[in-house]
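Chemist: Here is my input, please return the structure:
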Amino acid sequence: LNTADGTSNLCKYMDICDACFCGSQLTTSSKSAITPSLQYSEAAHHALIALRCAKHHYPFNFVLDEEYQKEVEMLHPGTKIPLPITISHDIHALYIEFSKHVKEYFLVGIKSHMN
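Modeler: Sure, this is the predicted structure:
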């Protein structure tokens, strides 16, 4: 088996995918089928802040930044921005919950290799 075949197949299917789903070729109905509706919820806001902190190594107190607060107010007036300690608690809770799933994932993997 030539390894270049795998790469060319990957590129071929990426091109097909791009032709189907990228740029101006997306219709309004296909966009909504691919992209979930983003509606504000306090829980989703907290989750996005926690993910942003984890992904970009932001300090929890970035939410105290005046420009960030103005941006949030502009996008969703009246939104209560969580305190840095709340973000810390949210990230800890996410860590605890996701660690359970990671543990289960590896246990299943180990069990399947033992059979």
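
Chemist: Does anything pack onto the biggest helix by length in the chain? Which helices or strands?
Modeler: The longest helix of the chain (DSSP state H) is helix 84-114. The contact analysis (3 or more CB pairs under 8 Å, 6 or more residues apart in numbering; DSSP states H and E) places helix 84-114 against helix 42-56. Glycine gets a C-beta too; all of them are placed from N, C-alpha and C.

Chemist: Quick one: list the elements packing against the helix it packs on.
Modeler: Where contact means 3+ CB pairs under 8 Å, 6+ apart, helix 42-56 is packed against helix 84-114.

Chemist: and the helix it packs on, what's its mean pLDDT?
Modeler: Helix 84-114 carries an average pLDDT of 88.

Chemist: Alpha carbons only: can I get stretch 90-107 in PDB?
Modeler: In PDB, the C-alpha atoms belonging to stretch 90-107 read as follows (Å, rounded to 0.1, in the frame of the first residue of the first chain):
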ATOM      1  CA  ASP A  90     -17.000  26.200  36.900                       C
ATOM      2  CA  ILE A  91     -13.600  25.000  35.600                       C
ATOM      3  CA  HIS A  92     -13.100  22.800  38.600                       C
ATOM      4  CA  ALA A  93     -16.600  21.200  38.100                       C
ATOM      5  CA  LEU A  94     -15.900  20.700  34.400                       C
ATOM      6  CA  TYR A  95     -12.600  19.000  35.200                       C
ATOM      7  CA  ILE A  96     -14.200  16.700  37.700                       C
ATOM      8  CA  GLU A  97     -17.000  15.700  35.300                       C
ATOM      9  CA  PHE A  98     -14.800  15.300  32.200                       C
ATOM     10  CA  SER A  99     -12.200  13.300  34.200                       C
ATOM     11  CA  LYS A 100     -15.000  10.700  34.800                       C
ATOM     12  CA  HIS A 101     -15.600  10.400  31.100                       C
ATOM     13  CA  VAL A 102     -11.900  10.100  30.300                       C
ATOM     14  CA  LYS A 103     -11.500   7.400  33.000                       C
ATOM     15  CA  GLU A 104     -14.400   5.500  31.500                       C
ATOM     16  CA  TYR A 105     -13.000   5.900  28.000                       C
ATOM     17  CA  PHE A 106      -9.700   4.400  29.000                       C
ATOM     18  CA  LEU A 107     -11.300   1.600  31.000                       C
END
